[in-house]
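**Student:** what's the 3D shape of this:
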Amino acid sequence: MEMAGDFGPLLVNVIKALAVLVVGWTVAGIVARLVRNQVNKHPELDQTLGNFAASIVRWAIRLMVLVAVLGVFGIEATSLVAMMGAATLAIGLALQGTLSDLAAGFMLILFRPYKLGQYVDIGGTSGTVVDLNLFVTELVTPDNVQIIMPNGQAWGSVITNYSAHDTRRVDFVFGIDYGDSADDAMKIILDLARADERVLGDPEPWAKVTNLGDSSVDIGVRLWCKADDYWNLKFDMTKTVKEAFDAKGISIPYPHSVEIHKDG
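**Tutor:** Residues are numbered from 1 along each chain as shown. Reported below is the predicted structural model:
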């Protein structure tokens, strides 16, 4: 009975601590969402800043909640600061990767090499940016695979932002047979390009003979379009040019292999 009495106050403190933890974590999430929504109401600010500010608020509240939980067990904030000061070196060594990600997160939000909704390649990993918070960048690939990348790795990598500009250039190479007219082929391609509303008139569509291959005359094509139209235009134009070549009798050659037989 005496042992049960000794554990009574501890049990009460554990229940209080859990209550503080649950309520605090919930409040952190609610306040973070409010901050994100308020920032995103301003059209001059992009959603990347809203997510980052929400992440800062969420972790700040969680830190205060943890201090409050320790207070339930009689550990005062001043004592906690003293303990953390004594363990600064150990904590710094243990969390150096996390602190690096935190610092990189601030650099990413300051220089903004990418924003939410943009399609990027970071160190060979491609996807659409769906979140940027204090520690990680979240990408989603075209086939809906989630990729979580530490901010330190993102900041230290080569970043290719395919959505940074409103327009993009679509490049093609069409090979035709040596017996066909390159001028006719280029005219077909340019006529199709000018007839497509997605192709911009400035810069003008461009088609030139760029290479004389082993089995084909290669025609390089450069078309400009809005960034959002890039992939659809690339796929549609490839199909349309092939069908037009077939209708006009222009051949698209393919490599042939010749077997050499030796007698004897």
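**Student:** in which helix or strand would I find the spatially most central residue of the chain?
**Tutor:** Closest to where the C-alpha atoms of the chain average out (Cα atoms, centre = their mean) is V129, at 3.2 Å. Here V129 sits within strand 125-132, counting by DSSP states H and E.
**Student:** list the buried residues for that strand?
**Tutor:** Using 16 or more other Cβ atoms under 10 Å as the test for burial, strand 125-132 gives G127, T128, V129, D131, L132. From N, CA and C alone the C-beta is placed, and that goes for glycine too.
**Student:** what distance separates the start and the end of stretch 245-253?
**Tutor:** Stretch 245-253 stretches 12 Å from its first residue to its last (Cα to Cα, to the nearest Å).
**Student:** now do the buried residues in it.
**Tutor:** Residues F245, I250, P253 are the ones in stretch 245-253 that count as buried (16+ other Cβ under 10 Å).
**Student:** chain center to that stretch, what's the gap?
**Tutor:** On the basis of Cα atoms, centre = their mean, to the nearest Å, stretch 245-253 is displaced by 40 Å from the centre of the chain it belongs to.
**Student:** who's in contact with that stretch?
**Tutor:** When contacts are taken as Cβ atoms under 8 Å, 6 or more residues apart in numbering, the neighbours of stretch 245-253 outside the stretch itself are 174-177, 179-181, 184-185, 188, 215-216, 242.
**Student:** if you average pLDDT over it, what comes out?
**Tutor:** Model confidence over stretch 245-253, given as mean pLDDT, is 94.
**Student:** same question for stretch 98-115.
**Tutor:** Across stretch 98-115, the average pLDDT comes to 86.
**Student:** only alpha carbons, please: show it as PDB.
**Tutor:** As requested, C-alpha coordinates have been extracted for stretch 98-115 and formatted as PDB (Å, rounded to 0.1, in the frame of the first residue of the first chain):
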ATOM      1  CA  THR A  98      19.800  18.200 -38.500                       C
ATOM      2  CA  LEU A  99      21.200  21.600 -37.800                       C
ATOM      3  CA  SER A 100      22.800  21.600 -41.200                       C
ATOM      4  CA  ASP A 101      19.300  20.800 -42.700                       C
ATOM      5  CA  LEU A 102      17.800  23.700 -40.600                       C
ATOM      6  CA  ALA A 103      20.400  26.200 -41.900                       C
ATOM      7  CA  ALA A 104      19.900  24.900 -45.400                       C
ATOM      8  CA  GLY A 105      16.200  25.400 -45.100                       C
ATOM      9  CA  PHE A 106      16.700  29.100 -44.300                       C
ATOM     10  CA  MET A 107      19.000  29.400 -47.300                       C
ATOM     11  CA  LEU A 108      16.400  27.800 -49.500                       C
ATOM     12  CA  ILE A 109      13.600  30.100 -48.400                       C
ATOM     13  CA  LEU A 110      15.900  33.100 -48.600                       C
ATOM     14  CA  PHE A 111      17.200  32.500 -52.200                       C
ATOM     15  CA  ARG A 112      14.200  30.500 -53.300                       C
ATOM     16  CA  PRO A 113      15.700  28.300 -56.100                       C
ATOM     17  CA  TYR A 114      12.300  26.600 -56.200                       C
ATOM     18  CA  LYS A 115       8.800  27.100 -55.000                       C
END
